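J.: Sequence first, predicted model second:
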Amino acid sequence: MRSPLVLRARPHEPSSRRLVRVARSATAGMLLVASGVAAAQQNCEIRPATLCADIPMQGAKLSGANLSHADLSRTILTGADLRSANLASAALHQADLRDADLTRTTLTEADLAGANMARAKLHHARMAGSNLNKAKMDGASLEGAELRGADLSRASLDGASLRSAKLQGANLQGAQLANVDFRDADLRGATLRNARLQGADLTAAVIENVDFSGAHTQGCRGCPK
């Protein structure tokens with residue numbers, strides 16, 4: 001099997017030009033679109049356990065790529081295509097994933113603390129046990145997402161959709177959840193202590209053994225009175 005290709009700097013290429021180049025990864029079998037100079041400086045390879053921290057990869061085409069255990073901390077992945085990618089146990093804290101497509105992506109046990117995932121598509125994403133502490137997920141779409149045991153404490157999800165999401169045992173303490181769509185979601189055993197649920201919709205949601213103590217529930221449909 002061929003070794004995975006690496007984006008390498010071109011001789012005398014001015015850094016100011018920042019031309020977008022395309023490299024094919026042998027292991028991922030996908031196209032990586034990134035700033036060639038920045039990626040080359042780090043010898044970023046698209047493979048499991050790769051080190052690609054702090055690299056601008058906005059708009060990257062990485063659907064189906066295997067990036068499990070990769071370090072993508074603070075990486076710019078705005079608008080990236082990560083559909084069905086494997087990011088299990090990856091380090092993505094403070095990564096910029098705004099408007100990224102993570103449909104059916106595997107993010108189990110991933111570290112997404114402080115990541116910006118505003119307006120990201122996470123339909124049916126597998127995120128059990130992931131760390132989303134203080135993540136920014138306003139307007140994100142998480143319909144049918146698997147979030148069992150995930151840490152969403154103090155995360156911001158205003159206006160997000162969690163319809164039919166699986167949130168059993170999830171920690172949403174102190175989370176910003178105004179106008180969130182929780183219809184048909186499974187929240188059994190979840191913690192919503194001190195969460196802000198103004199205008200949220202929990203119609204037909206399963207809320208057995210949910211801790212709502214101190215939660216702000218003005219205008220919330222389906223919240224306990």
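T.: Received the coordinates, thanks. Numbers count the residues shown, from 1 in each chain.
J.: Report the central residue of the chain.
T.: Centroid-nearest residue in the chain: residue 117, 5.7 Å away (criterion: C-alpha atoms, centre = their mean).
J.: Could you check the pLDDT of it?
T.: On pLDDT, residue 117 comes in at 98.
J.: With the one 3 residues further on instead?
T.: Among the per-residue scores, residue 120 shows a pLDDT of 98.
J.: contacting residues for it?
T.: For residue 120, the contact set (C-beta atoms under 8 Å, 6 or more residues apart in numbering) comprises 97, 98, 99, 100, 101, 102, 137, 140, 141. Placement of C-beta: from N, CA and C, glycine included.
J.: Kindly report the same for residue 219.
T.: 198, 199.
J.: I'd like the distance between it and residue 144.
T.: Distance, residue 219 to residue 144, using C-beta to C-beta, to the nearest Å: 25 Å.
J.: which residues of the chain score low on pLDDT?
T.: Where the chain drops to pLDDT under 70, the residues are 1-46.
J.: Next, please give the residue ranges for the strands of it.
T.: Here the chain has its strands, by DSSP state E, at 20-24, 31-35.
J.: give me every residue that touches the residue nearest to residue 51 when sequence neighbours are not counted.
T.: Closest residue to residue 51 apart from its sequence neighbours, by C-beta to C-beta, 6 or more residues apart in numbering: residue 71 at 5.0 Å. Shown in contact with residue 71 (C-beta under 8 Å, 6+ apart): 49, 50, 51, 52, 53, 90, 91.
J.: Just among those, which is most surrounded?
T.: residue 90 (28 neighbours; other C-beta atoms under 10 Å).
J.: Contact partners for that one?
T.: 67, 68, 69, 70, 71, 72, 107, 110, 111.
J.: just curious, which of those is nearest to residue 190?
T.: residue 107 (18.3 Å; C-beta to C-beta).
J.: Go ahead and confirm that closest one touches residue 88.
T.: Yes - Residue 107 lies in contact with residue 88 (C-beta atoms under 8 Å); the separation is 7.0 Å.
J.: Same drill for those two, tell me which one is more crowded.
T.: residue 107 (28 against 21).
J.: so what's the more buried one up against?
T.: Applying C-beta under 8 Å, 6+ apart, the residues contacting residue 107 are 87, 88, 90, 92, 125, 126, 127, 130.
J.: swap the cut-off to 6 Å and go again
T.: 87, 125, 127, 130 (C-beta atoms under 6 Å, 6 or more residues apart in numbering).
J.: on that earlier part again, show me which of the contacts of residue 90 is closest to residue 201.
T.: Taking the contacts of residue 90 together and measuring to residue 201 by C-beta to C-beta, the closest member is residue 107, at 24.9 Å.
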